[in-house]
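# Give me a model of this one.
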Amino acid sequence: PAPPAEAAVDHPVGPEDLLEINVFEVPDLNRTVRVSERGTVSLPLLGEVSVKGLTATELEQKLRTELGRKYVKNPQVSVFIREYGSKRVSVIGAVGKPGVYEMLGPRTLLQVLSQAGGLNEDVGADLYVIRGGPDGSSRNIDIAVADLMSNRDPSLNVAIQPGDVISVPVDRLIYVYVVGAVH
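Model prediction:
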């Protein structure tokens with residue numbers, strides 16, 4: 001689903017976001033573009049433009065200024081962020097709806113688990129928030145499910161960051177059958 005219009009104004013553009021850029025009465029400049037890993041987009045007349053960290057409103061102003069300098073008199077530019085590829089969190093395992101979810105604003109662990117359909121009956125004793133570091137490393141935040149859900153320990157309802165993976169292992173008996181000539 002498309003994000004609410006008011007959310008698009010507040011959140012900065014990041015890598016992998018999908019932008020819809022329109023210039024009123026200049027249809028040749030209208031584009032839907034994906035932001036590169038470097039935080040840039042390639043646009044006609046302007047070439048490669050840095051967009052990382054700008055809100056939709058700030059990017060509109062930047063494009064107005066750049067186009068107005070040489071190419072279009074008083075350009076009317078609109079920018080809509082179609083997808084927030086840079087602000088996603090993945091939920092896997094014993095939840096109702098595992099998948100990748102867009103984060104539009106701050107979210108806690110319980111909010112994301114709720115969005116993913118809640119915990120299943122066969123959830124294990126612990127779940128893990130896997131968080132990547134800027135150097136490519138990752139760390140696990142171990143959360144005791146009983147303390148989070150039943151004991152309502154607020155310190156375990158951690159803030160979720162874009163790029164986190166919430167792993168909810170399944171806890172069920174596994175039967176192993178050994179047949180044949182064994183001791």
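# Please enumerate the strands of the chain.
Per DSSP state E, the chain carries strands over the ranges 18-23, 31-34, 40-43, 47-50, 77-83, 88-93, 99-102, 107-108, 126-132, 138-144, 159-160, 165-168.
# how far off strand 18-23 does the fifth one point, in degrees?
Yep, that's strand 77-83 we're talking about. 160 degrees (axes from the mean of the first three to the mean of the last three CA atoms, to 10 degrees).
# Run through the neighbouring helices and strands of strand 77-83.
In terms of contacts (3 or more CB pairs under 8 Å, 6 or more residues apart in numbering; DSSP states H and E), strand 77-83 is packed against strand 18-23, helix 56-70. Every C-beta, even on glycine, is put in place using the N, C-alpha and C of the backbone.
# would you list these in CSV and tack on mean neighbour count?
Compiled in CSV, the helices and strands packed on strand 77-83 are given as follows (neighbours: other CB atoms under 10 Å):
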stretch, mean neighbour count
strand 18-23, 18
helix 56-70, 16
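# burial of Glu37, as a residue count?
Glu37 is surrounded by 10 other residues when neighbours are defined as other CB atoms under 10 Å.
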